[in-house]
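J.: Structure, please.
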Amino acid sequence: MSADEKKQTSSSPEPAIRDDNESSFDEKHFNAEVDVVGMDMQALAADIEDAMAHAETMSQEDVEDALKFIVEAHDRDPNFPTRAMSIIRQYLYDESIKADPVAYSKLYEEVKIEAALVSINSPYAEVRAVVSAHDDPSLPALTVRAFIIGIIYVAAGAFINQFFSIRQPGITVSSNVAQLLAYPVGKACETLPDWGVILPFYGTRVSLNPGPFNMKEHMVITIMANVGFNTPYTNYIVWVQYAERFFDQKWAKNFGYQALIALSTNFIGYGLAGVTRRFLVYPQYAIWPANLATIALNKAFHSDTNTHVNGWATSRMRFFLYCFGGMFVYFWFPNYIFQALSYFNWMTWIAPDNVTLAAVTGGISGLGLNPIPTFDWNVLSYGGDPLINPFFTIANYFAGAIVTMPIILALWLSNTWYTGYLPINSNGVFDNTGARYNVSLTVNEDTLFDLESYQAYSPAYLAAGNILLYGFFFAAYSATISHTFIYHRREIILSFKNLIKRKKFDQDSKYDVHSRLMSAYKEVPEWHYLIVLVLSVALGAAGVGAYPTHTTPAVVLYGILLAVIFCVPVGIIRAVTNAEVTLNVLAEFFGGLWFPGNATAMNFFKSYGYVTTAHTLAFAQDLKLAHYTHIAPKITFWIQMIATFVSTFVAIAVLNFQMTGIEDVCSPTQKDRFTCPGPNTFFTASVLWGTLGPTRMFGSGAIYNGLIWCFLIGFCLPIIFYYLRDRSVIFRYFHLPVFFLGSLIWAPYNLTNTWPAVPISYAFNVFIKSRYLGWWSKYNYILASAFSCAIAISAIIQFFAVQYKAVDIVWAGNKIPYEGCDGGACPAFTLAPDETHFGPGVGEF
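T.: Below you'll find the model as predicted:
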């Protein structure tokens, strides 16, 4: 932690940053060393000095009340500094320290600073690094130019993402692209004339140019892009129903049907997000680490203040441009010019046809056990951005993957459940010859399950990596419930009480500076969100019931019930760790049980169970983003609503054009590659889980029935680790749901996508953070934003410049990763010449 931060400019609207070499407090009141205290609390010298100044106004009773709050709220919080919690507990509960007056006095001085710091700023270094503890409520947020720019970007992003969603390869435009491009457009709008009108009844003047383009306007555009760039999940259902190669139900092109189910699934998450604000937005522990990189980029664009940190004087904006430019150019190599850098499976090059070597070390179809598996940031950050995610998240994620790897290998080599006849790490579904499962051979002309056809064909088989993944999915779901209740029961119960009493969020904001700042704005009442929820349910029920879906409208309520159960536990885990437990497998599992033999009904249950939860968390994350950047909740509510409405109809319009305007759409031989890879995967899953049903794979007497015990195992394990948490510091940071999430990386991903992130995360979020906190606070999240923006922009340009027209560079550096058994996904065993299948034959299952 540096003490040489120096103020260079003072033109920023943010509070001035003092020179750390100059004390702004009377040191006779404090003997604690600034650097020592800063290391214990993971706080910059400027933050410590602000806390020292505030501490002078606190009585001993105030200090002890604050310390008791910290212990109660953060004792089991893995993001709270361990050393700070240790000295607080020592002061409160260690009576022996009082025997040494000098040591006790010194300890009191230090904990007094921590108490003051929590009162005036965030308790987390990650948040303090990018989020201002001050606000200017007069700064305009929802301006005419911000709204117009946001709507244009939402329409463009929804158009591109929907249009190319059925192409192979496709392209996806992320919201950070809009955030990056909004800045020059917003600055250009500063040249517009100051023409405006005064709104009747409000008395507020609305102008084309209210002044300099500010960070709140910029964040409004970003939030609109966050929600507007997502296309309706129900479009997958429509494709599966409409396309000739799938269910061939031409009535599914009805615009009214598409609009009802799309609006319903897109808006239903808002209803739950609003209700869960007390659990996922207002609490301090809900950090939502992904938001910090977004805010850091915003701060880089709009902050005029620059500081010297650890010998670095480069401004945030210049640092961003350097890193962005470097990654933009570099990404051309692993993604297009030299693809061996992306999958650096060098061990398989020694013996390309060695089946076991490829299975263990291969980065494409193998398990990826390789010390240097990739030089591609996009590949290594799949399991989580190592600069954004807390180190304990990355470590738990990797631990889950490395522990389960030998289990997968043992299953495959021992041919358990006939996995040896299949690739070791494939996410495909196979028949008893090792070929891809042909789901059309198990249904009748009405797309309903046909038992005779099924018995004449084959059971469904899963690869070793894929079947183990299902077992750990089951464990992760039950562990999420028990872990969240055990570790966060205090917060959950308190939030429920506040929800029932309709208590204002800022009434308990004594130790939450951002809630105090947000009290200057009117909150959106819960009934606003409940109206959205009720209308969404009505639209969904109408869409399902008024058209020949062969599905009960009650499926909407069934799906929402699943979301209601899981949105708070899953949301808390994501808000704390930045790792999300997705409900797609659970929704498919229960949907198949509740609606056996009906793929469409299962698809609707999946949409209203899995997608509602995913949307709830995404919207809650945006609400927290607005909370951090001090944007009025009513503004956030309406821009989310409008952006989602516009995005939904743009996507539906594009969908209808794709259905009628693209020749041979979804055909494997479509000339422009609009082959519908996503809908094809969705179709396979819908028939496997909806038509065939989970009972035939996991039911009593079925081949994978034993994996059902994973539900019970996952539920019990958090209880054991809860009582072990005080035995070792390792157990304090061991997070069982994230561990299980690491075990889910398989099929088709592998250690290539998680192991390289571990040393990078340790280097930045442990080593640099503990020794050069000033540098880390200023540059870490800027670096993360620069890399993600550069990769997104570079990928878009590469797609339209060379990949869209299939302009390939054919040379060894692009061919060698895909050669041999790693590229070909060789099985361990093959059928003998006189064998026609493995496992039970016709009439035996």
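J.: contacts, neighbours, all on C-alpha from now
T.: Will do.
J.: so F247 makes contact with I237?
T.: No: shown here, F247 and I237 do not form a contact pair, counting by CA atoms under 8 Å, at 10.3 Å.
J.: Going by how many neighbours each has, rank those two and give me the top one.
T.: Each of F247 and I237 has its neighbours counted (other CA atoms under 10 Å); I237 has more, 22 against 19.
J.: Which elements pack onto the helix or strand that contains the more buried one?
T.: Taking DSSP states H and E as the definition, one finds I237 inside helix 234-242. Counting contacts by 3 or more CA pairs under 8 Å, 6 or more residues apart in numbering; DSSP states H and E, helix 234-242 packs against helix 255-275, helix 599-606, helix 677-686.
J.: ok, now with 6 Å
T.: Identification of packing neighbours for helix 234-242 by 3 or more CA pairs under 6 Å, 6 or more residues apart in numbering; DSSP states H and E yields no helix or strand.
J.: Contacts for it, please.
T.: Outside helix 234-242, the residues that touch it by CA atoms under 6 Å, 6 or more residues apart in numbering are F246, F247, D248, Q249, K250, A252, A262, P679, F683.
J.: Any regions of the stretch 201-350 of the chain where pLDDT drops low?
T.: Along the stretch 201-350 of the chain, segments meeting pLDDT under 70 span 202-203.
J.: buried residues in the helix or strand containing L92?
T.: Assigned by DSSP H and E, L92 belongs to helix 82-93. Counting neighbours by 16 or more other CA atoms under 10 Å, one finds that the buried residues in helix 82-93 are T82, A84, M85, I87, I88, R89, Q90, Y91.
J.: Per-residue confidence at the first one, what does it come out as?
T.: Right, T82. Looking at T82, its pLDDT reads 88.
J.: Which of the buried residues of helix 82-93 sits closest to I152?
T.: T82 (46.2 Å; CA to CA).
J.: what distance separates the longest helix that the chain contains from the centre of its chain?
T.: When the chain is parsed with DSSP state H, its longest helix is helix 464-501. From the chain centre to the centre of helix 464-501 is a distance of 17 Å (CA atoms, centre = their mean, to the nearest Å).
J.: Could you do stretch 703-721 as well?
T.: With CA atoms, centre = their mean as the basis, stretch 703-721 stands 25 Å off its chain's centre.
J.: List the contacts of it.
T.: G471, F474, A475, S478, A479, S482, H483, M697, F698, G699.
J.: Give me the lowest-pLDDT entry from those.
T.: M697 (85).
J.: what's the burial count for that one?
T.: M697: 19 surrounding residues under other CA under 10 Å.
J.: Against P840, how distant is it?
T.: 14 Å (CA to CA, to the nearest Å).
J.: again, but for G540
T.: Counting by CA to CA, the gap from G540 to P840 is 42 Å.
J.: go on, I149?
T.: 61 Å.
J.: Between the two, which has more neighbouring residues?
T.: I149 (22 against 11).
J.: continuing past the strand or helix carrying that one, what's the next helix or strand?
T.: Per DSSP H and E, I149 falls inside helix 144-163. Downstream of helix 144-163, the next assigned helix or strand under DSSP H and E is helix 175-188.
J.: same for the helix holding I149, what does it pack against?
T.: Applying 3+ CA pairs under 6 Å, 6+ apart, we find helix 144-163 packed against helix 215-228, helix 633-661.
J.: Go through these and pick out the most buried.
T.: Mean neighbours per residue, mean count of other CA atoms under 10 Å, is largest over those for helix 215-228, with a mean of 26.
J.: Go ahead and list the helix or strand containing the residue nearest to K98 when sequence neighbours are not counted.
T.: Closest residue in space to K98, ignoring its immediate chain neighbours: Y104 at 5.5 Å, by CA to CA, 6 or more residues apart in numbering. Y104 is part of helix 101-120, with elements assigned from DSSP H and E.
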